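Asks: next input, structure requested:
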Amino acid sequence: MLGVTESGAGWADVFEQQFVEGCMLGEVVFFHKSSGTIISSDLVENFTKCDHWPTRMYLKLTGIHQKPGLAAPLRLLYRDRKAARRSMDRIQSWDTKRIVLAHGENLLERPREVLRETYSFL
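Replies: Numbers count the residues shown, from 1 in each chain. You can find the predicted model right below:
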C-alpha cells in the first residue's frame, strides 16, 4: 500500500501527490510536474462570478466572493494545524504555474501567492 506522499511506480515520474494531513476533508493534491499544474478538489475555491444567488450569498458570507480562497467555516476542519502546515509547505514548494479546481474557475494567475495567502492561518 502506498504512503500518503508516495506515487505509484507507473506515474511517479509524471505526478507528485500530497495528502493534506490534519484536515478532515481527506484531500489529496496532485502535481503534474512537466506542466506545473496542481490538481485538487477542496484546496481552494475561485468563483469570480456566480449567477446562483444562494451560492453567491454563501461566497459573500464566507469571505471568498470574487476572490480565490478557502471559505472561513472550512478552516475549522483543519484540526491539526501543524500537520496541515507541513503538508502545505510541501505543496507550496512545488513550482506551480496553475491550479485546476473542482470549485470555480481554474487559477491561472498567481497560484503560489494565492496558496500562501489562503493558508496563512495555519
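
Asks: show me where pLDDT drops low in the chain?
Replies: Applying pLDDT under 70 to the chain flags the ranges 1-9.

Asks: grab the nearest non-local neighbour of the most centrally placed residue in it.
Replies: Centre of the chain computed as the mean C-alpha position; nearest residue by Cα atoms, centre = their mean is L43, 2.1 Å away. Leaving aside its chain neighbours, L43 sits nearest to V29 (5.8 Å; criterion: Cβ to Cβ, 6 or more residues apart in numbering). Heads up, the C-betas are built off the backbone N, CA and C, glycines and all.

Asks: now do the contacts for the residue nearest to the centre of the chain.
Replies: Contact analysis of L43 by Cβ atoms under 8 Å, 6 or more residues apart in numbering lists 20, 27, 29, 70, 91, 99, 101, 115.

Asks: name the nearest of the residues you listed relative to A12.
Replies: For the contacts of L43, the residue nearest A12 by Cβ to Cβ is V29; the value is 15.5 Å.

Asks: return the helix or strand harbouring that closest one as PDB; C-alpha atoms alone will do.
Replies: Element membership for V29, per DSSP states H and E: strand 28-32. Extracted C-alpha coordinates of strand 28-32, given in PDB (Å, rounded to 0.1, in the frame of the first residue of the first chain):
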ATOM      1  CA  VAL A  28      -5.100  14.500  -1.800                       C
ATOM      2  CA  VAL A  29      -3.400  17.100  -4.000                       C
ATOM      3  CA  PHE A  30      -1.700  16.100  -7.200                       C
ATOM      4  CA  PHE A  31       1.100  18.000  -9.000                       C
ATOM      5  CA  HIS A  32       1.800  17.400 -12.700                       C
END
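
Asks: just to revisit the earlier point, for the residue nearest to the centre of the chain, give its distance to W94.
Replies: With the distance defined as Cβ to Cβ, to the nearest Å, L43 ends up 12 Å from W94.
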